[in-house]
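A.B. asks: Fold the following and give me the result.
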Amino acid sequence: MKTLVIGTGGREHALARALAQDPSVSEVHAAPGNPGMAAVATLHPVDPMDGAAVADLAERLGVDLVVVGPEAPLVAGVADAVTARGIHVFGPSAAAAQLEGSKAFAKDVMEAAGVPTARAYVCTTPEEVAAALDEFGPPYVVKDDGLAAGKGVVVTEERDAAVEHAASCERVVIEEYLDGPEVSLFAITDGTTVHPLQPAQDFKRIHDGDQGPNTGGMGAYTPLPWAPPGLVAEVLETVLQPTVDEMARRGTPFAGLLYAGLALTSRGTRVVEFNARFGDPETQPLMALLDSPLSDLLVGAATGTLADVPAPRWKDGAAVAVVVASKGYPESSSSGDLITGLDAVEAVEDVHVIHAGTAMSGDDLVTAGGRVLAVVATGADVAAARAAAYAGVTHVEFEGAQHRSDIAAGI
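C.D. replies: Numbering: from 1, shown residues only. As a prediction, the model looks like this:
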């Protein structure tokens with residue numbers, strides 16, 4: 001089977017790496033990809049937002065499956081453009097991707113499906129914002145209704161900060177604060193059958209102790225030894241399957257990766273948000289532990305035959321990913337800084353590097369801004385995987401490199 005992965009980030013590198021290790025995959029292509037992906041895939045230039053260009057490339061390469069990684073191309077209809085050429089694609093239609101593209105739409109779907117989530121108001125005027133903030137009180141939770149690369153949410157005790165964030169958005173969802181730890185539970189679905197993956201947890205804030213502004217994610221680990229034993233079955237029954245069924249009822253079936261961001265609150269499990277694609281960086285440790293052929297699951301979802309594909313199997317042990325970000329991230333971003341030490345990272349046992357914001361400058365590997373790379377490690381348990389990941393991180397060098405030192409600490 002020939003595959004084409006669309007995107008440039010760590011998520012896409014992890015998916016391409018898993019496909020390259022899949023015995024039924026003969027070719028892995030990536031577009032536009034990144035320097036790390038070049039080790040496991042053939043790279044091609046393309047604008048990931050241009051559906052016609054992606055479909056043209058897929059036709060020219062004669063691929064059997066296109067995997068659209070990021071959310072923006074999905075919301076823009078890139079999967080629809082590929083499907084229209086008769087090529088199988090993993091990733092939802094533009095209509096179905098509104099589960100991530102609009103938080104107000106997601107709330108409407110959850111209400112219709114009876115999915116437990118936070119009470120919320122959709123606001124478009126300062127008066128509506130003020131009323132919603134009054135209703136819920138602090139801590140205030142204000143979410144940009146549209147796509148914001150994981151940085152559109154403000155949770156704050158400061159009313160002025162909540163009002164300021166709301167004013168910067170065209171439409172916001174203001175909701176009650178959900179207490180308790182957060183969990184990422186991904187599920188692969190063909191619009192009918194749902195195969196959950198094992199739970200993961202990511203770390204959104206830039207600094208240790210969950211301080212500082214939100215980022216796209218500074219690290220992640222799986223599995224979660226502290227999670228309730230029946231969590232996956234509960235979420236499948238109360239969240240994932242009802243949501244997939246409601247999308248089908250509306251005539252916009254969701255086929256692809258449904259990502260449920262959950263809060264395990266004092267009042268039970270609640271949905272914080274839905275995403276329409278694999279999460280980054282949770283995908284990196286999940287792919288490191290996946291023991292099933294990835295292509296079987298993706299093709300099953302893309303062709304409506306997931307019921308015939310066995311549920312995912314997982315290797316024993318745990319995996320941890322620690323993200324190393326560029327200087328100034330997330331407020332600004334530095335690029336063009338020379339990266340060294342990656343060979344030494346890869347020499348550490350059970351450790352590999354996943355590239356995200358990297359580029360080539362002549363023969364030199366340099367930063368391309370944002371989250372630059374992730375050091376991913378496996379181990380007998382979370383503590384062992386964490387120790388190996390941080391042993392790898394010590395070798396990564398570029399000017400202004402920053403990482404959290406508390407990813408998966410104390411687990």
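A.B. asks: Can you name the residues that contact the nearest residue to His207 once chain neighbours are set aside?
C.D. replies: Spatially, and ignoring its direct neighbours in sequence, His207 is nearest to Arg404 (6.8 Å; C-beta to C-beta, 6 or more residues apart in numbering). Every C-beta, even on glycine, is put in place using the N, C-alpha and C of the backbone. Residues counted as contacts of Arg404 (C-beta atoms under 8 Å, 6 or more residues apart in numbering) are Phe203, Ile206, His207, Asp208, Met218, Gly219, Val322, Val323.
A.B. asks: now swap in Ala94 and tell me
C.D. replies: Shown in contact with Ala94 (C-beta under 8 Å, 6+ apart): Leu74, Val75, Ala76, Gly77, Ala79, Asp80, Gly101.
A.B. asks: what pLDDT does Asn214 get?
C.D. replies: In this model, Asn214 is scored at 88, pLDDT.
A.B. asks: next one: phi and psi at it?
C.D. replies: Main-chain dihedrals, Asn214, degrees, to the nearest 10: phi -70, psi 150.
A.B. asks: And it, how far from Tyr177?
C.D. replies: Distance, Asn214 to Tyr177, by C-beta to C-beta, to the nearest Å: 15 Å.
A.B. asks: quick one: which of the two has more around it?
C.D. replies: For Asn214 versus Tyr177, neighbours defined as other C-beta atoms under 10 Å are more numerous around Asn214 (19 against 15).
A.B. asks: Test of understanding: give the bridge partners of that one.
C.D. replies: Using DSSP bridges, the bridge partners assigned to Asn214 are Arg205.
A.B. asks: Out of the contacts of Ala94, the closest to Thr378 would be?
C.D. replies: Closest approach between those and Thr378, by C-beta to C-beta: Leu74, at 29.3 Å.
A.B. asks: Hmm, Asp80 and the closest one touching each other?
C.D. replies: No - counting by C-beta atoms under 8 Å, Leu74 does not reach Asp80; the two are 9.3 Å apart.
A.B. asks: The two - which one has more neighbours?
C.D. replies: Shown here are Leu74 and Asp80; by other C-beta under 10 Å, Leu74 has more neighbours (30 against 19).
A.B. asks: Tell me who's in contact with that one.
C.D. replies: Leu74 makes contact with Val68, Gly91, Pro92, Ala94, Ala97, Glu100, Gly256, Ala276, Arg277, according to C-beta under 8 Å, 6+ apart.
A.B. asks: Check the gap between the third one and Ala200 for me.
C.D. replies: What that stands for is Pro92. Counting by C-beta to C-beta, the gap from Pro92 to Ala200 is 21 Å.
A.B. asks: before we move on, the earlier item: out of the contacts of Leu74, which are inside helices?
C.D. replies: Glu100 (DSSP state H).
A.B. asks: Please tabulate the contacts of Leu74 in a markdown table, including the columns pLDDT and distance to Val28.
C.D. replies: Below are the contacts of Leu74 laid out as a markdown table (pLDDT from 0 to 100; distance: C-beta to C-beta, whole Å):
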| residue | pLDDT | distance to Val28 |
| --- | --- | --- |
| Val68 | 98 | 15 |
| Gly91 | 98 | 17 |
| Pro92 | 98 | 22 |
| Ala94 | 98 | 26 |
| Ala97 | 97 | 24 |
| Glu100 | 93 | 25 |
| Gly256 | 98 | 19 |
| Ala276 | 97 | 23 |
| Arg277 | 97 | 18 |
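A.B. asks: picking up where we left off before, which one of the contacts of Ala94 is nearest to Asp296?
C.D. replies: Among those, and counting by C-beta to C-beta, the member closest to Asp296 is Ala79, at 19.4 Å.
A.B. asks: doesn't Ala95 make contact with the closest one?
C.D. replies: No - the criterion here is C-beta under 8 Å, and Ala79 misses it with Ala95 at 10.3 Å.
A.B. asks: And these two? Which one has more around it.
C.D. replies: Ala79 (30 against 18).
A.B. asks: Could you look up the SS state of that one?
C.D. replies: With DSSP: H, G, I helix; E, B strand; the rest coil as the basis, Ala79 sits in helix.
A.B. asks: Now do the contacts for it.
C.D. replies: Val66, Val68, Pro73, Val89, Gly91, Pro92, Ser93, Ala94, Ala97, Gly256.
A.B. asks: That one and Ala97, how far apart?
C.D. replies: 8 Å.
A.B. asks: Need the residues touching each of these two.
C.D. replies: Common contact partners of Ala79 and Ala97 (C-beta under 8 Å, 6+ apart): Gly91.
A.B. asks: ok, back up a step: show the buried residues in the contacts of Arg404.
C.D. replies: Buried members of the contacts of Arg404, scored by 16 or more other C-beta atoms under 10 Å, are Phe203, Ile206, Met218, Gly219, Val322, Val323.
A.B. asks: Filter those down to the ones in strands?
C.D. replies: Ile206, Gly219, Val322, Val323 (DSSP state E).
A.B. asks: still on that earlier bit, neighbour count winner among Pro92 and Ala200?
C.D. replies: Between Pro92 and Ala200, counted using other C-beta under 10 Å, the more crowded position is Pro92 (30 against 24).
A.B. asks: who touches the closest residue to that one other than its chain neighbours in this structure?
C.D. replies: Spatial nearest neighbour of Pro92, chain neighbours left out: Gly256 (4.2 Å); criterion: C-beta to C-beta, 6+ apart. By C-beta under 8 Å, 6+ apart, Gly256 lies in contact with Leu74, Ala79, Phe90, Gly91, Pro92, Ala96, Ile188, Thr189, Ala276, Arg277, Ala301.
A.B. asks: And for the fourth one, the neighbour number?
C.D. replies: What it means is Gly91. Neighbour tally, Gly91, other C-beta under 10 Å: 29.
A.B. asks: In this structure Tyr259 contacts Val271, no?
C.D. replies: No - counting by C-beta under 8 Å, Tyr259 stays clear of Val271, with 10.5 Å between them.
A.B. asks: domains of the chain?
C.D. replies: 2-90, 121-175, 181-308, 318-393 (automatic domain parsing).
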